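*Asks:* coords please:
(one chain, ligands or ions: 1)
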Amino acid sequence: MSFDLKGFVSLESMSLTCGVFFFSFTLIFSLFSFLLFISRMKPWCNCHTCKSYLTFSWCAKFPNLCDWYTHLLRNSPTGTIHVHVLGNTITSNPDNVEHILKTNFQNYPKGKPFSAILGDLLGKGIFNVDGESWKFQRKMASLELGSVAIRSYAMELVNQEIQTRLVPFMESKTTANAVFDLQDILRRFSFDNICKFSFGLDPGCLLPALPVSDLAVAFDLASKLSAERAMTASPFVWKAKRFLNVGSEKRLRRAIGVVNDVAKEMIRQRREMGSNFNARNDLLSRFMGSIDDDVYLRDIVVSFLLAGRDTIASGLTGFFSLLSGSPDVEALIREEMGRVVGPAQEFPSFEQLREMHYLSAAIHESMRLFPPIQFDSKYASEDDVLPDGTFVRKGSRVTYHPYAMGRMERIWGPDCLDFRPERWLRDGVFVPACPFKYPVFQAGVRVCLGKDLALMEMKSVAAALVRRFDIRVAEPAQEPRFAPGLTATLRGGLAVRVCERKC
Ligand code: HEM
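*Replies:* The predicted structure follows:
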């Protein structure tokens, strides 16, 4: 048998040359992309805003980044600012918001940078996609969330959780005059609800012993670590850590693994129950009627967990913290409840909740000052000019800022910092604000699909607790400080005392 050594050597050296060439090409290409990325961000920008951002000098005057942005946006004649080092145009101008979310919606998708950051957790779920996949899920989800059966099911779950867990928990705290973290309780409450609603699974977070739920812990960690990806100096940092499976990326992978295991198990159990999916009302079962792909199903349902978990808890935490310092508003809510519900009935019905205009006003007003999602970003597909004249470069980030908008004198008048539900009422009837002035649930083409459900859930909790208890913040003088994350969460929680009302 002859062996052509010369041919073998030349083949080997050719593959070595190809390898070196390929490696060098990849290296040069990555370096080029990195430099392009850096150059777009203008890291050398020396303007006052960028310098303050990079040196953290804003921290000396403002408790939170969102408060500093609010200050800058207030002082901008157009209500729009640029943070060049982040390549981010931030606006509080309602005309710009309408342009981004409605008039020129096609030009402002979520974009690849956002999808990449949340991609491992949310996959191709509605929160994380654009285009046809988004359209398909939006259509399917709005059909389900609009159906009377699903809405009644959601309200049944909420009422059950209020009556059997939330109220008994609050009762248990009245005798000891104990201080406890209301934010934690509301997060447990909303996690139980959204899991039952999305998966048909009860994690029992608000059972009397307040157990630690592996799913809740994993889900929180995964949301937090995903959000923190956005804070790294460049996406190359977290992508490299993910590639090497080290540090926060290793923990993120593990946390997502726990969420995936639960999702897989829930899907498996439902498949075993048979194919009459529409007989059940949890979202997973309903979506299984139209989708076979288990990974896609998992992605869709996980988006709902994210949508409904922290947002409701955050909105309610803001509501109770403001109410604690506003006994006059509290008295008016009680007066309305007395009128609509009457003394004999403990919990209001769905119809009665709809009649409570002052309560609606108070809830909207609290989310004006403390929106659960403080800002939201899109990425421009093409060059554009916003209605206030701001030029937006293709590929750059554009952010609208509900937190700042709620605190703008030019939108809400000189008393914009006051908690005053009356601003939402005309002759005692609740009148919603223009959604582009109040984009708390986003607005336009991609407006929140769970808005009505969320408002009913919040009203049910508020009605049940305000009627029965006085809830007082333990240290009211403390300025709210938010933890970094996708949803506004108070760092350290909301310490409160609760006592049963005497009258
Ligand atoms: C106070 C509570 C809530 C607030 C403030 C809120 C706010 C928002 C916001 C700002 C968005 C846009 C996010 C983005 O595109 O980046 C959104 C989207 C969405 N929300 Fe909510 N949400 C709340 C509760 C809920 C609940 C309870 C559900 C489900 C049961 C839900 C379902 C959704 C869905 C499916 C989307 C995606 C819509 C789309 O992309 O077409 N939300 N929500």
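
*Asks:* residue contacts, the residue in the chain positioned nearest to the ligand?
*Replies:* Ranked by Cβ to the nearest ligand atom, the top residue of the chain for proximity to the ligand is residue 450, at 2.1 Å. In this view, the C-beta of every residue, glycine as well, is placed from N, C-alpha and C. By Cβ atoms under 8 Å, 6 or more residues apart in numbering, the residues touching residue 450 are 145, 304, 307-308.

*Asks:* So the helix or strand residue 96 falls within, near the ligand or not?
*Replies:* Assessed by DSSP states H and E, residue 96 sits inside helix 94-98. No - applying Cβ under 6 Å from any ligand atom, one finds helix 94-98 separated from the ligand by no less than 11.7 Å.

*Asks:* And stretch 372-386, how far out from the chain middle?
*Replies:* The chain centre lies 16 Å from the centre of stretch 372-386; the measure is Cα atoms, centre = their mean, to the nearest Å.

*Asks:* right, I mislabeled it, should have said stretch 140-148
*Replies:* That offset, for stretch 140-148, works out to 20 Å (Cα atoms, centre = their mean).

*Asks:* Mind checking the pLDDT average for it?
*Replies:* Regarding stretch 140-148, the rounded mean pLDDT is 91.

*Asks:* buried stuff in it?
*Replies:* By 16 or more other Cβ atoms under 10 Å, the buried positions in stretch 140-148 come out as 140-141, 144-145.

*Asks:* Give the burial count for residue 491, as a bare number.
*Replies:* 12 (other Cβ atoms under 10 Å).

*Asks:* Please report the distance of it from residue 183.
*Replies:* As defined by Cβ to Cβ, to the nearest Å, residue 491 lies at a distance of 10 Å from residue 183.

*Asks:* what does residue 354 give?
*Replies:* 28 Å.

*Asks:* ok, residue 154 - contacts?
*Replies:* Counted by Cβ under 8 Å, 6+ apart, residue 154 has contacts 197, 453, 456-457.

*Asks:* helix or strand for it, which one?
*Replies:* helix 148-161.

*Asks:* Show me what whichever strand or helix holds residue 54 is in contact with.
*Replies:* Assessed by DSSP H and E, residue 54 sits inside helix 48-55. Applying Cβ under 8 Å, 6+ apart, the set of residues contacting helix 48-55 from outside is 42, 57-58, 68, 72, 81-86.

*Asks:* now for these, which pair is the farthest apart?
*Replies:* 42 and 68 (19.2 Å; Cβ to Cβ).

*Asks:* When these two are compared, which one has more neighbours?
*Replies:* Each of residue 42 and residue 68 has its neighbours counted (other Cβ under 10 Å); residue 68 has more, 19 against 16.

*Asks:* what about residue 51, how many residues close to it?
*Replies:* For residue 51, using other Cβ under 10 Å, the count is 13.

*Asks:* Do a quick rundown of the strands in the protein.
*Replies:* 80-83, 88-91, 180-181, 376-379, 384-385, 391-392, 397-400, 425-426, 429-430, 469-473, 482-483, 489-490, 495-500 (DSSP state E).

*Asks:* now those as CSV including mean pLDDT, mean neighbour count and distance to residue 226?
*Replies:* What follows is these, written out as CSV (pLDDT from 0 to 100; neighbours: other Cβ atoms under 10 Å; distance: least, Cβ to Cβ, whole Å):
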stretch, mean pLDDT, mean neighbour count, distance to residue 226
strand 80-83, 96, 21, 21
strand 88-91, 96, 23, 19
strand 180-181, 96, 18, 24
strand 376-379, 95, 20, 14
strand 384-385, 98, 14, 28
strand 391-392, 97, 18, 26
strand 397-400, 96, 23, 17
strand 425-426, 98, 12, 39
strand 429-430, 98, 14, 36
strand 469-473, 96, 18, 30
strand 482-483, 93, 16, 14
strand 489-490, 96, 21, 14
strand 495-500, 95, 18, 28
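
*Asks:* Those into CSV, with extra columns for distance to residue 324?
*Replies:* Below are the strands of the chain laid out as CSV (distance: least, Cβ to Cβ, whole Å):
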stretch, distance to residue 324
strand 80-83, 33
strand 88-91, 31
strand 180-181, 14
strand 376-379, 28
strand 384-385, 44
strand 391-392, 41
strand 397-400, 29
strand 425-426, 22
strand 429-430, 23
strand 469-473, 4
strand 482-483, 18
strand 489-490, 13
strand 495-500, 7
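
*Asks:* can you narrow the contacts of residue 450 to ones near the ligand?
*Replies:* Among the contacts of residue 450, the ligand is touched by 304, 307-308 when using Cβ under 6 Å from any ligand atom.

*Asks:* And stretch 269-286, what's buried?
*Replies:* Neighbour-count burial for stretch 269-286 [16+ other Cβ under 10 Å]: 270, 277, 280-286.

*Asks:* Run a quick check on residue 479 versus residue 62, I expect a contact.
*Replies:* No - Residue 479 is not in contact with residue 62 according to Cβ atoms under 8 Å; the separation is 9.7 Å.

*Asks:* who's more crowded, those two?
*Replies:* residue 62 (16 against 8).

*Asks:* Isn't residue 314 up against residue 487?
*Replies:* Yes - Residue 314 lies in contact with residue 487 (Cβ under 8 Å); the separation is 5.1 Å.

*Asks:* and for those two, which residues touch both?
*Replies:* Common neighbours of residue 314 and residue 487 (Cβ under 8 Å, 6+ apart) are residue 372.

*Asks:* Could you check which of these two has the larger neighbour count?
*Replies:* It is residue 314, of residue 314 and residue 487, that has more neighbours when counted by other Cβ under 10 Å, with 26 against 22.

*Asks:* Could you check how far the more buried one is from residue 475?
*Replies:* Taking Cβ to Cβ, one finds residue 314 at 19 Å from residue 475.

*Asks:* which one of the ones next to the ligand among the contacts of residue 450 sits closest to residue 433?
*Replies:* Using Cβ to Cβ, those come closest to residue 433 at residue 307, 21.9 Å.

*Asks:* Could you dump the contacts of residue 450 into TSV and include distance to residue 252?
*Replies:* Output for these, formatted as TSV (distance: Cβ to Cβ, whole Å):
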residue	distance to residue 252
145	29
304	20
307	20
308	21
